[in-house]
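A.B. asks: Let's see this in three dimensions:
(2 chains)
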Protein chains: 2
Amino acid sequence: MGRDLTAVREPKQDRSRATRERLLSSTIELLARRGWDASTVSTVAAAAGVSRGAAQHHFPTREALITAALEQVFEEMTQRIREVSQTLPDGPAHIHAVVERAVDIYTGMEFKAALQVWAAAASDSALRDLILPLEGKFARAAHRYTMVALGVDPDDVQAHRLVQATLDLARGLGLADTLSDDSARRAQVIDTWSRQLALALA
Amino acid sequence: MGRDLTAVREPKQDRSRATRERLLSSTIELLARRGWDASTVSTVAAAAGVSRGAAQHHFPTREALITAALEQVFEEMTQRIREVSQTLPDGPAHIHAVVERAVDIYTGMEFKAALQVWAAAASDSALRDLILPLEGKFARAAHRYTMVALGVDPDDVQAHRLVQATLDLARGLGLADTLSDDSARRAQVIDTWSRQLALALA
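C.D. replies: Sure thing, here's the model as predicted:
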């Protein structure tokens, strides 16, 4: 009988988890494509094909939904940065590939969704308090994995700051890409930066 | 009699110009401090102490107001970048000062106002079409004046791209400063990049 109950409970938990994930990916997509005002619990529920009641069961408030979506955004971005170090070319192309992939992470849909939350949080101190710890955690992880991908000594202060600068550059390139396709110019900036970084780390 | 009419007309034009300027600076301040949703013709008129009718005389639509405010933002940022080249220390501190002041321009209230417009334009193609030419004009001016401030050959392709990278870095540092005071970390990144830039331009 215990086994039967488990069998019933597990699919229900799976469904619940799948609903939650669908709500979060709809939130990220709506934020990135339709903006802050268009991303409420109701609009997200409709986009995800979930009833409003079920959406509110998972996320009773808009803050809860947005915070969870931003957490998901940062987890995906961290995961992509972590994967970078596992798939890199050897030799002179190595540093270029690290920079290019770090920048890639700031030009995807996740960054565009995060930008909407940042812009909203600039004038909403309650939202700001919720997202600052998430942002700090992501910044530390992005920095750590980029250091690993570059294969530099974690205690090298100069390398530490060069990686910070690289991630700041990536953020700036991400912002430059929000209104129009900036990829051609960006590729040149990545080339130039990568050469400087290689010289500085040599 | 012609003189009398002029005397009457000019103060009226002055008043009209002063009203327009007050509306634009209130828009910039509201965007930066209260965000996109809080920056409408009505709220701006109230903040500027101007009647709604007078505000609508100057700016019949929100798009007209926002576009004019962004134009003003970019003019002020361009003006500040232009001034940089006129007040720089000589010697080794020169490049550091150029980078520092370029970054300063992206961490002020004007940038924070522009960020709100960018975020809104990400999902509003009509607004995007209005602001892209303004942004392109600003980007070209910022680049040109930074080249001048650094005293580099305008035809030097490597210098051209290094300046692009510097401004992209500045934009990224500006974005990192929107939610919390990032000035201590930023100063270190500016130091690190200035040293690289000096080596690269030498």
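A.B. asks: list the helices and strands the longest helix that chain A contains packs on?
C.D. replies: Taking DSSP state H as the assignment, the helix of chain A that covers the most residues is helix A:2-34. In terms of contacts (3 or more CB pairs under 8 Å, 6 or more residues apart in numbering or on different chains; DSSP states H and E), helix A:2-34 is packed against helix A:41-48, helix A:52-58, helix A:62-84, helix A:109-121. (Each C-beta comes from the backbone N, C-alpha and C, glycine too.)
A.B. asks: List the buried residues for the first one?
C.D. replies: Pointing back at helix A:41-48 there. Within helix A:41-48, the residues that qualify as buried are A:41, A:43, A:44, A:45, A:47, A:48, counting by 16 or more other CB atoms under 10 Å in any protein chain shown.
A.B. asks: I would like the residues contacting stretch A:28-36, please.
C.D. replies: A:38-39, A:43-44, A:47, A:69, A:72-73, A:109-110, A:112-113, A:116-117, A:119-120, B:36, B:119-120, B:122-124 (CB atoms under 8 Å, 6 or more residues apart in numbering or on different chains).
A.B. asks: and with 10 Å instead?
C.D. replies: Contacts of stretch A:28-36 with the rest of the structure, by CB atoms under 10 Å, 6 or more residues apart in numbering or on different chains, involve A:38-40, A:43-44, A:46-48, A:66, A:69-70, A:72-73, A:76, A:108-117, A:119-121, A:178, B:35-37, B:119-124.
A.B. asks: which among the residues you listed end up buried?
C.D. replies: Buried members of those, counted by 16+ other CB under 10 Å: A:39-40, A:43-44, A:47-48, A:66, A:69-70, A:72-73, A:76, A:108, A:110-117, A:119-121, A:178, B:35-36, B:119-124.
A.B. asks: If I take the least confident helix or strand in chain A by mean pLDDT and helix A:109-121, what angle do their directions form?
C.D. replies: Within chain A, confidence by mean pLDDT, DSSP states H and E is lowest for helix A:2-34 among all helices and strands, at a mean of 84. Comparing the axes of helix A:2-34 and helix A:109-121 via axes from the mean of the first three to the mean of the last three CA atoms, to 10 degrees yields an angle of 70 degrees.
A.B. asks: how much space between residue A:92 and chain B?
C.D. replies: The spacing between residue A:92 and chain B, counted by CB to the nearest CB, to the nearest Å, is 18 Å.
A.B. asks: next one: phi and psi at the residue lying closest to residue A:143 once chain neighbours are set aside?
C.D. replies: Take residue A:143 and drop its neighbours on the chain: the residue closest to it by CB to CB, 6 or more residues apart in numbering or on different chains is residue A:163, 5.8 Å away. With angles defined as degrees, to the nearest 10, residue A:163 sits at phi -70, psi -40.
A.B. asks: What residues does residue A:179 make contact with?
C.D. replies: Residue A:179 touches B:117, B:118, B:121, B:122, B:125, B:127, B:128, B:129, B:131, B:132, B:135, counting by CB under 10 Å, 6+ apart.
A.B. asks: Looking at the residues you listed, which is nearest residue B:80?
C.D. replies: residue B:135 (16.5 Å; CB to CB).
A.B. asks: Surely that closest one is in contact with residue B:127?
C.D. replies: No: the criterion here is CB atoms under 10 Å, and residue B:135 misses it with residue B:127 at 11.7 Å.
A.B. asks: shared neighbours of these two, anything?
C.D. replies: With CB under 10 Å, 6+ apart as the test, residue B:135 and residue B:127 both reach A:179, B:70, B:117, B:118, B:121.
A.B. asks: can you tell me which two in these are farthest apart?
C.D. replies: A:179 and B:70 (11.9 Å).
A.B. asks: which residues are in contact with both of those two?
C.D. replies: Common contacts of residue A:179 and residue B:70, defined by CB under 10 Å, 6+ apart, comprise B:117, B:118, B:121, B:127, B:131, B:135.
A.B. asks: For the last one, the count of nearby residues, please.
C.D. replies: Put plainly, it is residue B:135. Each residue near residue B:135 was counted by other CB atoms under 10 Å in any protein chain shown, and the total is 19.
A.B. asks: so who does it touch?
C.D. replies: Counted by CB under 10 Å, 6+ apart, residue B:135 has contacts A:176, A:179, A:180, B:70, B:74, B:114, B:117, B:118, B:121, B:128.
A.B. asks: wait, which of these is closest to residue B:189?
C.D. replies: residue A:176 (17.8 Å).
A.B. asks: burial measure for the closest residue to the closest one other than its chain neighbours, as a count.
C.D. replies: Closest residue to residue A:176 apart from its sequence neighbours, by CB to CB, 6+ apart: residue A:182 at 4.8 Å. Neighbour count of residue A:182, defined by other CB under 10 Å: 17.
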